[in-house]
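Participant: quick one, fold the following:
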Amino acid sequence: MNPETQDHPVLQPRGVERLVTGQPTRDGAGVKLTRVLTQDLQQRLDPFLMLDNFASDDPDDYGAGFPDHPHRGFETVTYMIDGRMRHKDSAGHEGLLQNGGVQWMTAGRGLIHSEMPEQEAGVMEGFQLWLNLPARDKLCQPGYRDIQREEIPEFTTAAQVTVRVISGESHGVSGAMHRPVDQWPTDPLYLDLHFAPGAGTFSQSLPPVNNAFVYVYRGAVEVLDGAGGATAVALHRMAILSNTGDGVTLRAQGSAGARALLIAGRPLREPIAQHGPFVMNTREQLVQAMQDFHNGRLG
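Facilitator: Numbers count the residues shown, from 1 in each chain. Just a heads-up that it's a prediction; the model follows:
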């Protein structure tokens, strides 16, 4: 079966609303990273709360890792491009995140976990995405899934674009994480796109209501709009896509190839109240989360 025949054609591709440059910062015990989706973009990119990109070959930038810390009210999705990271949490889950793998953790009512490098040299590169939970599920049972590289469905189009489907569906291929929409109202799409040198275009249909963005981590790409224009998205830049159109069409800029994440989801349109690792709907719920943590009732 040719995957390209299994998706609705994109007749009116979305354009770029805004280009975003990430903010260098440190988190955990001093891990150097770039925060691409920042708190001021949470309403615009609802249901997504944060996207961090970490990439370094210097152990001083990542060696101390992310020791025990709490979460409540959302899901974390960690995608490892290179390197190894050990996850442990207060619910008894443990897993080794390594090249090409994904760790999908539902914090729900609360977890305390750690993410620690299992290497002393070499490249450590990956992403962590925060996905909001609806109000009804913020205090749900915590969950955890380790998804190894070989478990992530992958296909290559006739235009020589390889697509790794982490969640959602692309061209008839369902992602490694897939839940019924009534259980998962954000319906997240998470694709890792690899444009081979000389590759053609890639199109993905998107419901107009779903917010979407592209983040480039190798080379550069162009977003082709419905008016025949193209917006260049440089290395380590995020393009917020407009909500006008039925999908997105991308191509690598130049002939050297490129790699990019395409992420989209249905907005919750609920109040967002965040304090550090807690994301709830009201200030009172945040206060309760902090009290539960300090009193040992979280995780």
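
Participant: can you tell me the centre-most residue of the protein?
Facilitator: Nearest to the mean C-alpha position of the chain, by Cα atoms, centre = their mean, lies L129 at 3.9 Å.

Participant: is it in contact with M50, as I believe?
Facilitator: Yes. When contacts are counted by Cβ atoms under 8 Å, L129 is listed as touching M50 (7.1 Å). C-beta here means a position set from N, CA and C on the backbone, and glycine is covered the same way.

Participant: which residues are in contact with each of the two?
Facilitator: Taking Cβ atoms under 8 Å, 6 or more residues apart in numbering as the contact criterion, the residues that touch both L129 and M50 are L37.

Participant: make sure A260 is indeed in a helix.
Facilitator: No. Applying DSSP: H, G, I helix; E, B strand; the rest coil, one finds A260 to be strand, outside a helix.

Participant: burial count for it?
Facilitator: For A260, the count of nearby residues is 27 (other Cβ atoms under 10 Å).

Participant: who's it bridged to?
Facilitator: L193, V216 (DSSP bridges).

Participant: tell me the pLDDT at it?
Facilitator: Residue-level confidence at A260 comes out at 98, pLDDT.

Participant: what about this protein, any weak spots by pLDDT?
Facilitator: Counting by pLDDT under 70, the low-confidence segments of the chain come to 1-8.

Participant: any idea how it splits into domains?
Facilitator: Each domain of the chain is listed here as a residue range: 22-150, 152-268, per automatic domain parsing.

Participant: circling back to that earlier point, from G247, how far out is the residue nearest to the centre of the chain?
Facilitator: L129 is 21 Å from G247, where distance means Cβ to Cβ, to the nearest Å.

Participant: next: T25.
Facilitator: The separation that T25 has from G247, given Cβ to Cβ, amounts to 33 Å.

Participant: between these two, who's got more neighbours?
Facilitator: Legend: neighbour count by other Cβ under 10 Å for T25 and G247, higher for G247 (21 against 12).
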